[in-house]
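Participant: generate a structure from the sequence data that follows.
(2 chains)
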Number of protein chains: 2
Amino acid sequence: MYPTPLRNLIDELGRLPGIGPKNAARLAFFLMRSSRDDAERLARAIAEMKEKTTLCPVCCSVAEENQLCFVCSDDRRDGSIICVVQDPRDLMVVEKSGSFNGRYHVLHGGLSPLEGIGVENLRIAELIQRVDAGGIAEVILCLNPNVEGDTTGMYLSKVLQPRGVSVSKIASGVPVGGDLEYSDELTLGRAIEGRRTVEG
Amino acid sequence: MYPTPLRNLIDELGRLPGIGPKNAARLAFFLMRSSRDDAERLARAIAEMKEKTTLCPVCCSVAEENQLCFVCSDDRRDGSIICVVQDPRDLMVVEKSGSFNGRYHVLHGGLSPLEGIGVENLRIAELIQRVDAGGIAEVILCLNPNVEGDTTGMYLSKVLQPRGVSVSKIASGVPVGGDLEYSDELTLGRAIEGRRTVEG
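Facilitator: Prediction:
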């Protein structure tokens, strides 16, 4: 019963992840009430992103068309160590931590047989190619601490180790600043498993 | 550090209500990974909605350009009774209830001195004009049961009653299917205030 153009917009917004029908209507009405300029800026931003954003030809992170990403185009970074992440957003989190100065490889997902996501759906061939091209000493697996991440990590270490690179994975444990009381058993179990001798 | 077109899109999405920066990034990446067609359909839907959706010249609900809304263009509806709502979505809820066969008036908000929303920001002048044009017997106030809705209702009844129309408001009370145990005191208080004699 809404006018067709409005209903179309509600439908399209409802296709976005985490946006239900009610939320889609709320957003559509917000756009209806906002200025023509504001709404058009959003429409243009979508179209332009789609036109001008691609994947970095080296690490498969996001990059502007025909360009390397900001990490791969930076000569000061250590090219002998690759941090493998599932998502460009994970890459940003690692960058913000300031604790890594190597290069990245973005898989764009994790292995999930249940969801039909296999090796061929991820940017794994590109990673193997980079390792085979030589000059890589270590691959750090910085994957989600869940089933998909673990499965992906196991697969990657199996195919990468025979290629003569050291494969490591980030530590699992209690989050810094957290309260042990609220820590789940699985995390605490992993934290105990991964304990380190206190030097002194 | 994201490519500019992607960062622009995240910024624009982050302007939408209820969409924080993390959620905006999630949506932007979803659009980046979805097909060009899907993303362009959303961009086009926004632009088209903005171009082709206006307010109904009679009731101020949403309508396609140069047309009356679906209610005002329906001759079978009772034109002597107007249901006043704050939002076109409220109109849809009343329609779905199937308990109203008159016409509507959409205010597009509620009076809120604190937020600087006064009589001139709402479609109140248009409502008074409709009442003054004659042929209206009753105005039902179907406003949000909160401070803004109550303030708006009090103002409207004050300006409409002297014009010779009967002004009513929807009943407040316990929601049908609800459990009294979970009802708040305010709602239950209103339900008792608005009690009706059981006939029989």
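
Participant: and after the helix or strand harbouring A:Ala24, which helix or strand comes next?
Facilitator: Using DSSP states H and E, A:Ala24 sits in helix A:21-33. Proceeding N to C from helix A:21-33, the next assigned helix or strand is helix A:36-52, under DSSP H and E.

Participant: rounded mean pLDDT for the next helix or strand after that next one, please.
Facilitator: Downstream of helix A:36-52, the next assigned helix or strand under DSSP H and E is strand A:53-55. In this model, strand A:53-55 has an average pLDDT of 93.

Participant: so which elements touch strand A:53-55?
Facilitator: strand A:62-64 (3 or more C-beta pairs under 8 Å, 6 or more residues apart in numbering or on different chains; DSSP states H and E). Heads up, the C-betas are built off the backbone N, CA and C, glycines and all.

Participant: coming back round to it: does the helix holding A:Ala24 come close to chain B?
Facilitator: Yes - using C-beta under 8 Å from any C-beta of the partner chain, helix A:21-33 reaches chain B at A:Asn23, A:Ala25, A:Arg26, A:Leu27, A:Ala28, A:Phe29, A:Phe30, A:Leu31, A:Met32, A:Arg33.

Participant: buried ones in that helix?
Facilitator: Within helix A:21-33, the residues that count as buried by 16 or more other C-beta atoms under 10 Å in any protein chain shown are A:Asn23, A:Ala24, A:Ala25, A:Arg26, A:Leu27, A:Ala28, A:Phe29, A:Phe30, A:Leu31, A:Met32.

Participant: which elements pack onto it?
Facilitator: helix A:4-14, helix A:36-52, helix B:36-52, helix B:88-97.

Participant: between that helix and helix A:36-52, how big is the angle?
Facilitator: Relative orientation of helix A:21-33 and helix A:36-52, computed by axes from the mean of the first three to the mean of the last three C-alpha atoms, to 10 degrees: 120 degrees.

Participant: now helix A:21-33 and helix A:4-14, what's the angle there?
Facilitator: Using the same axes, to 10 degrees, helix A:21-33 lies at 130 degrees relative to helix A:4-14.

Participant: as PDB, could you dump the C-alpha coordinates of the worst-scoring helix or strand of chain A on mean pLDDT?
Facilitator: Lowest by mean pLDDT, DSSP states H and E among the helices and strands of chain A is helix A:185-193, with a mean of 82. What follows is helix A:185-193, C-alpha atoms only, in PDB (Å, rounded to 0.1, in the frame of the first residue of the first chain):
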ATOM      1  CA  GLU A 185      35.300 -22.100  30.100                       C
ATOM      2  CA  LEU A 186      36.500 -22.600  26.600                       C
ATOM      3  CA  THR A 187      38.500 -19.400  26.500                       C
ATOM      4  CA  LEU A 188      39.900 -20.000  30.000                       C
ATOM      5  CA  GLY A 189      40.800 -23.500  29.000                       C
ATOM      6  CA  ARG A 190      42.700 -22.200  26.000                       C
ATOM      7  CA  ALA A 191      44.400 -19.600  28.100                       C
ATOM      8  CA  ILE A 192      45.600 -22.300  30.500                       C
ATOM      9  CA  GLU A 193      46.700 -24.500  27.600                       C
END
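
Participant: okay, buried residues for it please.
Facilitator: Here helix A:185-193 shows A:Thr187, A:Ala191 as buried, counting by 16+ other C-beta under 10 Å.

Participant: what does it rub up against?
Facilitator: Applying C-beta atoms under 8 Å, 6 or more residues apart in numbering or on different chains, the external contacts of helix A:185-193 come out as A:Pro145, A:Ser172, A:Gly173, A:Val174, A:Leu180, A:Ser183.

Participant: list the contacts for the most centrally placed residue in chain A?
Facilitator: Chain A has A:Asp87 as the residue nearest its centroid, 1.0 Å off, counting by C-alpha atoms, centre = their mean. Residues near A:Asp87 by C-beta under 8 Å, 6+ apart: A:Val106, A:His108, A:Gly109, B:Phe29.

Participant: nearest to B:Thr151 among those residues?
Facilitator: Distance to B:Thr151 across the contacts of A:Asp87 (C-beta to C-beta) is lowest for B:Phe29, with 42.5 Å.

Participant: show the pLDDT at the closest one.
Facilitator: Residue-level pLDDT assigned to B:Phe29 equals 93.

Participant: likewise A:Ala171?
Facilitator: On the pLDDT scale, A:Ala171 gets 87.

Participant: so it versus B:Asp132, what's the distance?
Facilitator: 74 Å (C-beta to C-beta, to the nearest Å).

Participant: what pairs with the top strand by length along chain A, and is each one parallel or antiparallel?
Facilitator: The longest strand of chain A (DSSP state E) is strand A:78-85. Partner strands and pairing direction for strand A:78-85 (DSSP bridges) are strand A:102-106 (parallel), strand A:138-141 (parallel).

Participant: just the mean pLDDT for that strand, thanks.
Facilitator: On average, strand A:78-85 scores 95.

Participant: pull out the buried residues from it.
Facilitator: A:Ile81, A:Ile82, A:Cys83, A:Val84, A:Val85.

Participant: other residues contacting it?
Facilitator: A:59, A:91, A:94, A:100-107, A:127, A:130-131, A:135-143, A:156.

Participant: switch to 7 Å and redo it
Facilitator: Identification of contacts with strand A:78-85 by C-beta atoms under 7 Å, 6 or more residues apart in numbering or on different chains yields A:91, A:94, A:100-107, A:127, A:130, A:135-143, A:156.

Participant: related to what we said a few turns ago, got a winner among the contacts of A:Asp87 for most neighbours?
Facilitator: Within these, neighbour counts (other C-beta atoms under 10 Å in any protein chain shown) peak at A:Val106, which reaches 25 neighbours.
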